[in-house]
Structure formats: C-alpha cells, structure tokens
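Peer 1: Structural data only, the sequence is not supplied:
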C-alpha cells in the first residue's frame, strides 16, 4: 500500500515560511510534522530537524551555484580519476586530495606532456574543494585575458582582480599550448601578484614554469613565476597521452558497426 501523503501546511504558516524565505524547511515540514505527531517528538527535536533541512538545502544550493559559476571545462571529478594510471607518486596524490594546501594558501603547479592527466586531476581537486564549501574560479589564459581586457574599458581592473581573488582556489589551465600575448601575460601576472600568499593558485602547463619566458615576455614571466613557485607544490607528469592510448585502443568512440 502507498504511504498516505502528509497533510499540507496551514495556509498562514505556508505564507510565513515563504515570506521568511525558508524553501527547504517549508518543503520538508509536512512530512516532519506528521512524523513528529505520530512519534511524539520533543518540540526541540522538531525544530532541530526542520532547521537542519534548511541548512542542508541551502548548502547544496550554494555548491550548485559555485560549481556553475566556476565554469569547469568538462565536469570531471576525482570519482573518474585513476590514480594507478598517473605517474604522480601516490603519496603526492593523497596529500593533494586532502586540500590542506588550499587552507595554507599554497599553490599547485602540474607540468608535463599533453594527455597525462594534469587538467583531470586539477578539475577533480576543484570539484572536491567546492564540496568542502570553498570557492573556485577556473580560467585558461585566453579566458582570463578576455575578462581583464574588458575591465580596461571602464577602469574596473582592480575591482575585477579583487573579485577573482575572493575565490579560495584560482585555476589557470593549459599554459604552454600557444605563445602568450603581452596582454594575456599581464593578466596572468596581475592574478598571481594579487593572490600571492593570500589565495591558492593551481596551474597546469605543458612546459616547466622555468620555461614560461619562452612563451611570454621575459620580465613578466620572471616576476610571475617567482611569486607562483615561492609557496608551491611543483608536480611533474610524464609518459604518453592517455587520450592517444585510448584512441589507439579503439576506446575513443563507440564502434560504428
């Protein structure tokens, strides 16, 4: 037999909860109150359960909003990460997953050949950070440049940089694929400098940071790398591309036949 639906809230109470903007409490209230009457809960327990429903609902909504505003590229999480296939030492992986380095405002730089899991691991860590109620901002050099360039029109560069640096973790993905314009290098430096010793920055690159002066102006590269690596975990990957290996094994697409 189907369980009978709990009686709806009285109209006046429903209006009050709407006015107080307690949507998750209001949604849970009919079932909670029905159960409380049947089991003779203490009033304090009823209040605790209802408030908990609101807190849990709000936290989940906040995480959804933060995940959407972070602009993650693929949605990959640590759930799909295969630690045994990475050349990064297991102890290093385990230490990164704790996210304690973010609490210490330390940086993370992962450098290595294309397809060796750099972006996957960073994105997985970023998703995990949001699950721990941290704020994340995700950029490539191109998107970061676009954001900063727009602010020069109305002189809001400083405010925009400060807003970006309110994130607990700032990710700049895929440096080294292409030469970097001077304006993009300037945007990179602005964020590195503003976040220095205040926020964590995670960078992925196909080249070692010591080679950044080969793709961007040397003066900017030197100053940016100096600040980036001062409190950073430098992790190097190696090996062949996982994407290429999957493609050669026929796992890149669903077979046509």
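Peer 2: Noted; the coordinates are in hand. Predicted model only: the values in this text are computed from it and were never measured.
Peer 1: State the three-state secondary structure for residue 184.
Peer 2: helix (DSSP: H, G, I helix; E, B strand; the rest coil).
Peer 1: List the contacts of it.
Peer 2: Residue 184 makes contact with 141, 142, 144, 145, 216, according to C-beta atoms under 8 Å, 6 or more residues apart in numbering. C-beta here means a position set from N, CA and C on the backbone, and glycine is covered the same way.
Peer 1: can you pull the pLDDT of it?
Peer 2: You'll see residue 184 listed with a pLDDT of 92.
Peer 1: just use 41 as the starting number from now, easier for me
Peer 2: That works, and once the first residue is 41, the last one we named lands at residue 224.
Peer 1: Among the contacts of residue 224, which ones are in helices?
Peer 2: Among these, DSSP state H puts 181, 182, 184, 185 in helices.
Peer 1: Mark which of those residues are buried, thanks.
Peer 2: For those, a neighbour count by 16 or more other C-beta atoms under 10 Å gives the buried set as 181, 184, 185.
Peer 1: For the second one, give its distance to residue 270.
Peer 2: To tie it back to what came earlier, the one meant is residue 184. 20 Å (C-beta to C-beta, to the nearest Å).
Peer 1: Low-confidence regions, the chain specifically.
Peer 2: 41-43, 280-297 (pLDDT under 70).
Peer 1: How are the strands of it distributed by residue range?
Peer 2: 147-151, 176-180, 209-215, 240-245, 272-276 (DSSP state E).
Peer 1: out of those strands, deepest packed?
Peer 2: Highest mean neighbour count among these (mean count of other C-beta atoms under 10 Å): strand 240-245, with a mean of 26.
Peer 1: what's that one packed up against?
Peer 2: Counting contacts by 3 or more C-beta pairs under 8 Å, 6 or more residues apart in numbering; DSSP states H and E, strand 240-245 is packed against strand 147-151, helix 158-171, strand 209-215, helix 222-235.
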